[in-house]
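Student: Turn this into a model:
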Amino acid sequence: MKKVLLVLLYAAGVPFAASLLFFILLFFGAPEWLGYIIVPGLSALFYFLLRKKLDLQLSFWVHGGILLGLGLLFTLLMLVFSGSIRGVFSGIFFVATLPFGLLWFFFTLTDRQPVLCIIIFLTYLAAFLAAVFFGKNAGRKKRILAAVVSAAVLLFAGVCTALYMNRPEIRYAGHGFQYMHGFSSTDFSDYMVYSDPSRLVQPSEAPPFTIEDPQEMPVLDGAEACYPVYAAFAKAVYQDIDQIERECADADGTEFRRFNGKIVTFTNTVQGFLRMIYDYGDEVKYGSRVDIFLGARPSKGQMEIAANEGIELEITPIGREAFVFFVEEDNPVEGLTSDEIRAVYHGDITNWKEVGGRDRKIAAFQRPADSGSQTMMEYFMGDVSLKEPMTYETVDSMEGVIKNVAQYHSEAGAMAYTFRYFLEGLNQEKGVKMLAVDGVYPTVENIENGSYPLTVPLVAVTRKDDPNPNVRKMIDLMLSPFGQEIIRKTGYAGLE
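Tutor: So this is what the prediction gives:
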């Protein structure tokens, strides 16, 4: 019975007491990194204070067994789930670490479970070493064995860290939506209409008209790469728009956080299009209706949504852009034909050596459905079907296992597609190069003269039933020499 109590003291009591003290300190503002010191340190101290009452033989094997068991369990979980231990899988590890329950609660709420995992390993490692070096009759053999156990645990920790840092939701999630309140992968802070200094282009002449009343200013939204374009138009034409949007940003209300602005908004291609289609009666879900949407032409699915709602759209080309394919910069392949690209994405060509490159498998990445680049890819493929995209799984506590499209990752043999301005103007990828298509490289000159085969229109989408007369005026302005100057200066090709 005494030994059972000692086991419980080691396995549960000591780490629980250390965790409890640190948990209290966290609520008083202690930084989380202190847990790396406090919890292991207190555990070792508790052992030292109780060393006369504890049996070294028992403490050695208890601590060593717990340490190796946890290390092996956690490493197996990380290997099986490719570094993703969130959701239901993290519960398996939680069962084995109940003494740290208070800290599990805190770090799960703050989405910092890896911090806790490190604390757990350090705690049992510190207590194990304390059992060896502060216990009774710590002989040479036990110290050697302790060194072996410690080395094994450090190896487990190294493997787990590598797997976690390279887990699929990090590798293949693209750039993530960490900006613009979770809608953008690009930091547009220097492109806001109230930014100072501002990266928005300035036309060489005054606009032919301005709009003074905020109620008459068409609400703008668009694709991610188009934000610098329509923000520049608003800055030039909408009077005091910088002050209007600054006041909205300073208030930081729900509407601003949802739409990144009041008039010059951004909710990306999918949400922005829905805000244009659905009327004001749905504003609780979609916000105020968008008047002008800038981006690539809508997908078939988006056009069907509009048709089902009885909405007739006007799609006006206002500039030109290149749909481009890119690879790693050290890939010896400089270009592909259109047919070769279709064969790659249909699955007929699978190795770079088939198109003059190295003997290496082609990792052909796609984009999520209804994104601007995926829509363009579907148009480009025509009647040739796209092969099933690479996917990875994430675990959501509410929705279970979710499959996501694996987006570009800089690995051997990678290939992907996007729009030229997104790649060059916004510097979205590093260490890559664009491919020539059918022998033509996607320069601005080749886009404007029409020689690049995958030139696509930059369009402004509006509703024919929009009652605001300034919508038509803004479209005409974008087509005018004044508007074409803004489009070219931003980095797109003009219409002529």
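Student: Flag the shaky bits of the stretch 101-250 of the chain, pLDDT-wise.
Tutor: Across the stretch 101-250 of the chain, the ranges flagged by pLDDT under 70 are 108, 110-113, 131-138.
Student: show me where it has helices.
Tutor: Assigned by DSSP state H, counting those that start in this stretch, the stretch 101-250 of the chain shows helices spanning 101-109, 113-133, 140-165, 168-171, 227-237, 241-251.
Student: closest one to L274 among these?
Tutor: Closest to L274 of the helices of the stretch 101-250 of the chain, according to C-beta to C-beta: helix 227-237, at 17.4 Å. The way it works is simple: take the backbone N, C-alpha and C, and place the C-beta from them, glycine included.
Student: Comparing the helices of the stretch 101-250 of the chain, which comes out most buried?
Tutor: Most buried of the helices of the stretch 101-250 of the chain, by mean neighbour count (mean count of other C-beta atoms under 10 Å): helix 227-237, with a mean of 26.
Student: So what touches it?
Tutor: 184, 186, 188, 191-193, 198-203, 207, 209-211, 217, 220-222, 241-242, 263-264, 266, 292, 294, 319, 425, 458, 474, 477-478, 483, 486-487, 490-492 (C-beta atoms under 8 Å, 6 or more residues apart in numbering).
Student: got the angle between it and helix 241-251?
Tutor: Inter-element angle recorded for helix 227-237 and helix 241-251: 120 degrees (by axes from the mean of the first three to the mean of the last three C-alpha atoms, to 10 degrees).
Student: re earlier: which of the contacts of helix 227-237 are buried?
Tutor: Taking 16 or more other C-beta atoms under 10 Å as the criterion, what is buried in those is 184, 186, 188, 191-193, 198, 200-201, 203, 207, 211, 217, 220-222, 241-242, 263-264, 266, 292, 294, 319, 458, 474, 477-478, 483, 486-487, 490-492.
Student: Among the contacts of helix 227-237, name the ones in strands.
Tutor: The strands, defined by DSSP state E, take in 220-222, 292, 294, 319, 458 from the contacts of helix 227-237.
Student: Out of those, which is nearest to L26?
Tutor: Of all those, the one with the least separation from L26 (C-beta to C-beta) is D221, at 40.8 Å.
Student: Quick one, grab the pLDDT at the closest residue to the closest one other than its chain neighbours.
Tutor: In space, and not counting its chain neighbours, D221 is closest to G272: 3.7 Å by C-beta to C-beta, 6 or more residues apart in numbering. pLDDT recorded at G272 is 86.
Student: L495 too?
Tutor: Reported pLDDT for L495: 88.
Student: Now the nearest residue to H346 once chain neighbours are set aside: which helix or strand?
Tutor: Among residues not flanking H346 along the chain, V384 sits closest, at 5.2 Å (C-beta to C-beta, 6+ apart). According to DSSP states H and E, V384 maps onto no helix or strand at all.
Student: quick one, what contacts V384?
Tutor: For V384, the contact set (C-beta under 8 Å, 6+ apart) comprises 342, 345-346.
Student: tell me which of the residues you listed is nearest to Y408?
Tutor: Among the contacts of V384, and counting by C-beta to C-beta, the member closest to Y408 is Y345, at 13.7 Å.
Student: and the closest one, which of the three is it?
Tutor: Judged by DSSP: H, G, I helix; E, B strand; the rest coil, the three-state class of Y345 is helix.
Student: ok, back up a step: can you redo the ones in strands among the contacts of helix 227-237 as CSV, where the extra columns are distance to K361?
Tutor: Output for those, formatted as CSV (distance: C-beta to C-beta, whole Å):
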residue, distance to K361
L220, 43
D221, 39
G222, 36
I292, 44
L294, 37
G319, 37
L458, 35
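Student: hmm, which two among those are most spread apart?
Tutor: Longest span within the ones in strands among the contacts of helix 227-237, C-beta to C-beta: D221 and G319, 17.0 Å.
Student: re the thing from before, I'd like to know which of the contacts of V384 are buried.
Tutor: When the contacts of V384 are checked for burial by 16+ other C-beta under 10 Å, the buried set is 342, 345.
Student: from memory V149 sits against I66, does it?
Tutor: No: using C-beta atoms under 8 Å, V149 is not in contact with I66; the gap is 10.6 Å.
Student: Not counting its neighbours along the chain, what's nearest the residue nearest to the spatial centre of the chain?
Tutor: The centroid of the chain falls nearest to G176 when counting by C-alpha atoms, centre = their mean (1.1 Å). Leaving aside its sequence neighbours, G176 sits nearest to S185 (C-beta to C-beta, 6+ apart; 6.1 Å).
Student: ditto for E212
Tutor: Nearest one to E212, counting by C-beta to C-beta, 6+ apart, is Q239 at 4.7 Å.
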